[in-house]
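1. quick one: sequence plus predicted model below, questions after.
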Amino acid sequence: METPQDMFRDGAKTIKQAVEKYGIGRTTLYAMMNSGVIRFSQMGKRRLIPDADLCRVLAENLVGPVASEAK
């Protein structure tokens, strides 16, 4: 079972960093956070999103053949 500390072992991104690194729109990112698709930690107004959650969501939304299946 994953502990809260495990969520952040690979690092975390602010909203701005996540948008810049992963190319997700701010509106889309906030919608995923508000619907519970992506977890986050909030301290005051600052939100931190675990890198693992961002990677998981991107992997779940892959379109097309997996690289090993491509010819």
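-> Received the coordinates, thanks.
2. what's the first helix or strand after the helix or strand encompassing residue 33?
-> Assigned by DSSP states H and E, residue 33 belongs to helix 26-35. Using DSSP H and E, the helix or strand that follows helix 26-35 in sequence is strand 41-43.
3. against which helices or strands is that following strand packed?
-> Applying 3 or more CB pairs under 8 Å, 6 or more residues apart in numbering; DSSP states H and E, one finds that strand 41-43 contacts strand 46-50. For the C-beta atoms, the positions are set from N, CA and C on the backbone; glycine is no exception.
4. hmm, back to that, now what about the helix holding residue 33, what contacts it?
-> Here helix 26-35 makes contact (CB atoms under 8 Å, 6 or more residues apart in numbering) with 15, 18-19, 24, 38-40, 47, 49, 57.
5. again, but for stretch 41-56
-> Taking CB under 8 Å, 6+ apart as the rule, stretch 41-56 contacts 7-15, 18, 21-22, 24, 29, 33, 38-40.
6. one more pass at 6 Å, please.
-> In this structure, residues lying in contact with stretch 41-56 by CB atoms under 6 Å, 6 or more residues apart in numbering are 7-8, 10-13, 15, 18, 22, 38-40.
7. which of those residues has the most neighbours?
-> For the contacts of stretch 41-56, the largest neighbour count, defined by other CB atoms under 10 Å, is 23 neighbours, found at residue 18.
8. for that one, give me its contacts.
-> 49, 54.
9. run a quick neighbour tally on the nearest residue to residue 7 once chain neighbours are set aside.
-> Spatial nearest neighbour of residue 7, excluding adjacent residues (CB to CB, 6 or more residues apart in numbering): residue 50 at 4.5 Å. Residues lying near residue 50 (other CB under 10 Å) number 22.
10. run through the bridge partners of residue 50.
-> Counting by DSSP bridges, residue 50 forms beta bridges with residue 12.
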